[in-house]
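**Student:** pasted the sequence and its predicted model underneath.
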Amino acid sequence: MMTKSTTGLPDGKAKTIKTTFSTETAVSIEIEASPEVVWALLTNASDYVRWNSTLMAIEGAIREGESIKLEPTVNPGKTFKIKIAEVVPGTSMQWVSGTAPFFRGVRLFSLQTTGNGKTRFSMSEKIKGLMYPIAAGQLPDFTAPFEQFAADLKSEAEIIRKLK
């Protein structure tokens with residue numbers, strides 16, 4: 001994953017790298033809220049659409065081994081089935097879609113405490129596979145949606161922090 005590439009990016013700005021067989025997007029942002037507040041938002045699927053303007057719909061539970069279905073605003077009418085492949089509570093989780101080696105997307109969410117009640121949120125996604133070159137032209141650019149997701153998460157977490 002592109003976790004190292006988020007270092008050095010301007011806060012809240014995403015970066016996308018495309019190659020013949022893959023595309024990878026990453027974003028990182030500092031949030032003035034505890035990791036517990038951010039984690040609660042990231043793992044509560046029933047509340048996602050309220051605060052996350054990059055989603056039109058989401059079904060299911062965000063728990064390791066479960067599957068969710070989501071409809072992103074960048075691809076209205078298209079529902080994606082995502083497997084919650086790994087969860088390290090309060091720290092990281094990994095979402096996976098598609099079938100390797102043909103076409104597979106892996107999204108990684110991670111949280112780091114930065115001190116003074118702040119959290120560094122990072123998200124990256126790599127889409128790759130043998131069929132990627134054929135499908136690449138139909139994929140939307142994820143740069144703006146990643147930036148919006150991070151901004152929405154920051155805004156909501158900081159509102160919750162102020163209410164506590």
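**Tutor:** Structure's in. What do you need? This one's a predicted model, so the numbers in the text were calculated from it and none came from an experiment.

**Student:** going forward, measure contacts between C-alpha atoms and count neighbours the same way
**Tutor:** Will do.

**Student:** after the longest strand seen in the chain, which helix or strand is next? Please name it.
**Tutor:** Taking DSSP state E as the criterion, the chain has its longest strand at strand 103-115. Following strand 103-115 in sequence order, the next helix or strand is strand 118-128 (DSSP states H and E).

**Student:** longest helix anywhere in this structure?
**Tutor:** Longest helix in the chain by number of residues (criterion: DSSP state H): helix 143-163.

**Student:** other residues contacting it?
**Tutor:** 12-16, 25-34, 37-38, 41, 51-54, 74, 121, 123 (Cα atoms under 8 Å, 6 or more residues apart in numbering).

**Student:** which among those residues end up buried?
**Tutor:** Using 16 or more other Cα atoms under 10 Å as the burial test, these include 12-16, 25-34, 37-38, 41, 52-54, 74, 121, 123 as buried.

**Student:** among those residues, which are located in strands?
**Tutor:** Lys15, Thr16, Thr25, Ala26, Val27, Ser28, Ile29, Glu30, Ile31, Phe121, Met123.

**Student:** of all pairs in those residues, which one is the farthest apart?
**Tutor:** Using Cα to Cα, these span at most 21.8 Å, a distance reached by Thr16 and Ile31.
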